[in-house]
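1. need coordinates for the following:
(one chain, ligands or ions: 2)
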Amino acid sequence: MMKRRVVVLGATGSIGESTMRVARALPEQIGIIGLSGRNNAQRLLELAREFPAATLCAGDEKAAESLRGKLPGRDVLHGGHGLEELASLPEADIVLIAIVGTAGLRPALKALESGKDLAVASKEILVMAGEEVMATAKRSGRRVLPVDSEHNAIFQCLEGKDPSTIKRLILTCSGGPFRNASAADLASVTPEQALRHPTWSMGRKISIDSATLFNKGLEMIEARWLFDIPMEKIDVVIHPQSIVHSMVEFVDGSIIAQMSTTDMALPIQYALTYPGRFSGACAPLDLTTVGRLDFEAPRADLFPALDLARRAGTAGGTLPAVLNAANEAAVDAFLAGRLSFPGIWENVVRAMDAVPFVEHPTLEQLIEADRAARTVVAGG
Ligand code: NAD
Ligand code: MG
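-> Ligands and ions are numbered 1, 2, ... in the order given. Sure thing, here's the model as predicted:
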């Protein structure tokens, strides 16, 4: 395979760090030529030294200036425009979006428009504007490669299959830290408890999403756009070991699953080297050590996130953007101690009911719906 020249937006986060492990393991296949980080300037500086070919993008002008002082002669961009410029670097082949939330949306569209393939970890951008992202990819003749482990698994299970033979997609879900909790337990959950995920080590926002199951709700809508499949063909099953990363059921009753260790290096690597397979950064899976794989139905009564996501994904229009933005704002408020744990989904419901619905929104209307949802949450 030709070496892929990769830009990583959100390089200083959890997905970013896993991506650097992949790049170190596959120096023949992956060349890092762009790195962004918003609020961890020290880490961005270290990565800049490790990957001297990379153009950089810092959070703001001050951080960019400080980097230039330490790295004479180096190109350092900053802010939202800097991200868009980095995403459209002429020499880039593929842009990985690993920015938490929706700040990666414009850079993602810019990357596709300038002829780059896109690897997407930021599910929020597909929830907010999946139709727009996929249409832009189609227009530009570029690929959108899923990095989220479930979607990467489904992508692998679907290869070479006739789409008309798909009966349903089955997203697996660890169940999060409160899989066996009661409604009373959930009422008093603290940020510290919610941040402690049983199987994955991740950034703060997605860790809270995994505890409320909004992460899985967002992933249902993400799957709807990535695989162009109606919401009613997307199911969720709880699988506490996080070894089966997701499955596809076909019309004849056959179910194909993808399994590997609980390490984001594998889906990241597969997205960046697709369709190649290489011995890389991910440790092999020993099923005899895992011992058993359990599956159970989700508790939709205790975790409303799944039904809310189904409602938003089925209605389409601005509703997924509202769900996503309200959730993001509510997670911030919960982490800041301003909201209870059940307050997260209570606020999402409030925003979904309050923000005016537009069935066929433009990008500007999606951005407006996102803003309005945040205002509803902030207004308490
Ligand atoms: P993180 O918080 O660890 O890292 C986020 C990165 O984005 C950092 O580099 C940060 O500097 C940058 N950033 C944050 N806000 C920004 C903004 N407004 N503008 C520019 N840069 C900004 O998050 P993470 O856990 O790596 O998750 C990143 C994305 O990947 C999320 O959308 C998450 O849902 C998705 N994801 C993560 C995992 C995981 O294992 N961590 C798994 C699947 C999907
Ligand atoms: Mg996932």
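
2. can you name the residue of the stretch 201-350 of the chain nearest ligand 2?
-> Residue nearest to ligand 2 within the stretch 201-350 of the chain: residue 219 (5.5 Å; C-beta to the ion). Just so you know, the C-beta spots here come from the backbone N, C-alpha and C atoms, and that holds for glycine as well.

3. quick one: classify that residue as helix, strand or coil.
-> helix (DSSP: H, G, I helix; E, B strand; the rest coil).

4. list the contacts of the residue of the chain found nearest ligand 2.
-> Using C-beta to the ion, the closest approach of the chain to ligand 2 is made by residue 148 at 4.2 Å. Neighbouring residues of residue 148 by C-beta atoms under 8 Å, 6 or more residues apart in numbering: 120-121, 123, 219, 222, 267.

5. you'd agree residue 202 is up against residue 210?
-> Yes: the pair formed by residue 202 and residue 210 meets the contact definition of C-beta atoms under 8 Å, at 7.4 Å.

6. show me which of the two is the more surrounded one.
-> residue 210 (24 against 19; other C-beta atoms under 10 Å).

7. and the residue of the protein closest to ligand 1?
-> With C-beta to the nearest ligand atom as the measure, residue 13 is the residue of the chain nearest to ligand 1, at 1.8 Å.

8. next one: that residue, what pLDDT does it get?
-> Note on residue 13: pLDDT of 97.

9. which residues does it contact?
-> When contacts are counted by C-beta under 8 Å, 6+ apart, residue 13 touches 37, 98-100, 203.

10. on the three-state scheme, residue 5 is what?
-> On the three-state scheme (three-state DSSP), residue 5 is labelled strand.

11. against residue 32, how distant is it?
-> Taking C-beta to C-beta, to the nearest Å as the measure, residue 5 and residue 32 are separated by 8 Å.

12. what of residue 102?
-> Applying C-beta to C-beta, the value for residue 102 to residue 32 is 24 Å.

13. now residue 200
-> Distance check for residue 200 against residue 32: by C-beta to C-beta, it reads 24 Å.

14. for residue 43, which non-adjacent residue is closest in space?
-> Distances taken as C-beta to C-beta, 6 or more residues apart in numbering put residue 12 closest to residue 43, at 4.4 Å, once the chain neighbours are dropped.

15. surely the one you found and residue 45 touch.
-> No: using C-beta under 8 Å, residue 12 is not in contact with residue 45; the gap is 10.0 Å.

16. what does the stretch 101-250 of the chain put close to ligand 1?
-> Residues of the stretch 101-250 of the chain lying close to ligand 1 (C-beta under 6 Å from any ligand atom) are 103, 121-124, 148, 200, 202-203, 206.

17. the stretch 201-350 of the chain: strands as residue ranges?
-> 234-238, 244-250, 255-259 (DSSP state E, counting those that start in this stretch).

18. so what strands line up beside the second one?
-> The one in question is strand 244-250. Sheet neighbours of strand 244-250, with direction, are listed as strand 166-173 (antiparallel), strand 255-259 (antiparallel) (DSSP bridges).

19. which of the ones you listed sits most buried?
-> Burial of the strands paired with strand 244-250 is given as mean neighbour count (mean count of other C-beta atoms under 10 Å); strand 166-173 ranks first at a mean of 21.

20. helices or strands up against the helix or strand following that strand?
-> Using DSSP states H and E, the helix or strand that follows strand 166-173 in sequence is helix 183-187. Helix 183-187 makes packing contacts with helix 341-354 when contacts are defined by 3 or more C-beta pairs under 8 Å, 6 or more residues apart in numbering; DSSP states H and E.

21. how far does the helix it packs on sit from its chain's centre?
-> On the basis of C-alpha atoms, centre = their mean, to the nearest Å, helix 341-354 sits 21 Å off its chain's mean C-alpha point.

22. got a list of what residue 293 touches?
-> 239, 241, 243-244.

23. now the contacts of residue 148 as CSV including pLDDT?
-> Converted to CSV, the contacts of residue 148 look like this (pLDDT from 0 to 100):
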residue, pLDDT
120, 98
121, 98
123, 98
219, 98
222, 98
267, 98
